[in-house]
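S.K.: Generate coordinates for the sequence data below:
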Amino acid sequence: MDRNGKTPGARLRELLRRKEILVAPGAYDGLSARIIEKAGFEALYITGYGLSASVLGKPDTGLMTFTEMVSRVEAIAETVSIPIIADGDTGYGNAVNVARTVRGYEKAGAACIQVEDQVAPKKCGHMLGREVIPAAEMAGKIRAACDARRDDSFLIMARTDARTAHGIDEALERGHLYEEAGADILFIESPESTEEMGRITSSFSRPVLANMVEHGRTPFLTASELEKIGYDAAIFPVGALYAAARAVMKVMKELKTAGTTRGSLEDMLPFGEFNELMDLGAIREMERKYGTGRE
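M.R.: As a prediction, this is how the structure comes out:
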């Protein structure tokens, strides 16, 4: 709970009740999460795609385990004070596994878990070749997720990946079924036109989330454009990851060819500024306060 006695889920629900769209950038480690919060965003999204890349150096193809994911959720929750929407992939198994996953994510400090209806091992929602489980099975997973949470304010986000292989009508039907099962947020993945996006936002009574992936399958819109269409929230899950990868590639190329990173100094945070970003001053203050063992 925060200092006002509110749980992460309660704070996220307050943000979703506002008229303006909630934008949650994607974090893939503590550093990116800290930067997102310091930039002024009110929520963040922990991306499984980004964690698979940063932790394993592998693509988002269902390789991250529950244990690996929940430990990162806990670490990032310790780093920031804003609510966290966390990628829970397929829930790491059947409905029984989903119940355990929800308990783990809630205990780790997330405000919301995203669970999707893909066949395991899952794939990134903008890759081809995704398959979905029966809709009724997914509805059972959503009911299990809702029943498993200890705090009723903890949010369950239901995502369907049916659009790409089965069309928008099937995706909307699944969304309605998941809404009836108790999902707090609906996530209809990878619509392929603004017309489809409008159908999505006008179809549900619960908040609806947009996924803005650079170079993905969905029209890449601004937050204000998404708000006009009717979306309540939007994640930009991989922008920071892609930017970081390009920056590291650039400086490594220079080091390899020139034997120095001198030409990239203007693209780097200075030593002192980086330490400030890491809140080194707070650690020094704790050392001064507690290091002597005296009040």
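S.K.: use CA for all of it now, contacts and neighbours both
M.R.: Fine.
S.K.: quick one: contacts for the closest residue in space to residue 15 that isn't next to it in sequence?
M.R.: In space, and not counting its chain neighbours, residue 15 is closest to residue 22: 6.8 Å by C-alpha to C-alpha, 6 or more residues apart in numbering. Taking C-alpha atoms under 8 Å, 6 or more residues apart in numbering, we find residue 22 in contact with 15-16, 42-43, 232-234.
S.K.: Kindly report the same for residue 63.
M.R.: 52, 121.
S.K.: likewise residue 76?
M.R.: Residues near residue 76 by C-alpha under 8 Å, 6+ apart: 29-30, 33.
S.K.: go on, residue 207?
M.R.: Shown in contact with residue 207 (C-alpha under 8 Å, 6+ apart): 16, 184-186, 231-233.
S.K.: Next one: it, what pLDDT does it get?
M.R.: pLDDT for residue 207: 98.
S.K.: Over to residue 127?
M.R.: We have a pLDDT of 74 for residue 127.
S.K.: That one: neighbouring residues, count only.
M.R.: 13 (other C-alpha atoms under 10 Å).
S.K.: ok, now residue 78?
M.R.: Other residues close to residue 78 by other C-alpha under 10 Å number 12.
S.K.: I figured residue 29 hits residue 72, correct?
M.R.: Yes. Counting by C-alpha atoms under 8 Å, residue 72 is a contact partner of residue 29 at 7.4 Å.
S.K.: Restricted to strands, list the contacts of residue 22.
M.R.: Judged by DSSP state E, those include 233-234 as members of strands.
S.K.: Out of the contacts of residue 22, the closest to residue 49 would be?
M.R.: residue 234 (16.3 Å; C-alpha to C-alpha).
S.K.: Tell me what that closest one is bridged to.
M.R.: residue 23, residue 210 (DSSP bridges).
S.K.: I figured it hits residue 210, correct?
M.R.: Yes. Taking C-alpha under 8 Å as the definition, residue 234 is a contact partner of residue 210 at 4.6 Å.
S.K.: Show me whatever sits in contact with both of these two.
M.R.: Residues touching both residue 234 and residue 210 by C-alpha under 8 Å, 6+ apart: residue 226.
S.K.: Compare those two (neighbour count), which wins?
M.R.: Under the neighbour definition other C-alpha under 10 Å, residue 234 and residue 210 were set side by side, and residue 210 has more, 27 against 22.
S.K.: Provide a list of residues in contact with the more buried one.
M.R.: Counting by C-alpha under 8 Å, 6+ apart, residue 210 touches 187-189, 226, 231, 233-235.
S.K.: just the buried members of the residues you listed?
M.R.: Among the contacts of residue 210, those classed as buried by 16 or more other C-alpha atoms under 10 Å are 187-189, 226, 231, 233-235.
S.K.: Which single one of these is nearest to residue 94?
M.R.: Ranked by distance to residue 94 (C-alpha to C-alpha), the buried ones among the contacts of residue 210 are led by residue 187 at 19.7 Å.
S.K.: so that closest one bridges to which residues?
M.R.: In this entry, residue 187 is beta-bridged to residue 159, by DSSP bridges.
S.K.: measure it to residue 162 for me?
M.R.: 11 Å (C-alpha to C-alpha, to the nearest Å).
S.K.: Can you list the neighbours in contact with stretch 238-251?
M.R.: Contact with stretch 238-251 is made by 25-28, 32, 47, 49-50, 213-214, 261, 264, as judged by C-alpha under 8 Å, 6+ apart.
S.K.: In these, which residue is surrounded by the most others?
M.R.: Neighbour count (other C-alpha under 10 Å) singles out residue 27 as the most crowded of the contacts of stretch 238-251, with 29 neighbours.
S.K.: Please name the residues that touch it.
M.R.: Contacts of residue 27 (C-alpha under 8 Å, 6+ apart): 33, 36, 44-47, 50, 237-238, 240-241.
S.K.: can you check residue 87 too?
M.R.: Taking C-alpha under 8 Å, 6+ apart, we find residue 87 in contact with 45-48, 113-115.
S.K.: Compare those residues and tell me which has the most neighbours.
M.R.: residue 46 (31 neighbours).
S.K.: Can you read off the pLDDT for that one?
M.R.: pLDDT at residue 46 comes out at 98.
S.K.: Wait, it touches residue 30, no?
M.R.: No. Applying C-alpha under 8 Å as the test, residue 46 and residue 30 come out as separate, 10.2 Å apart.
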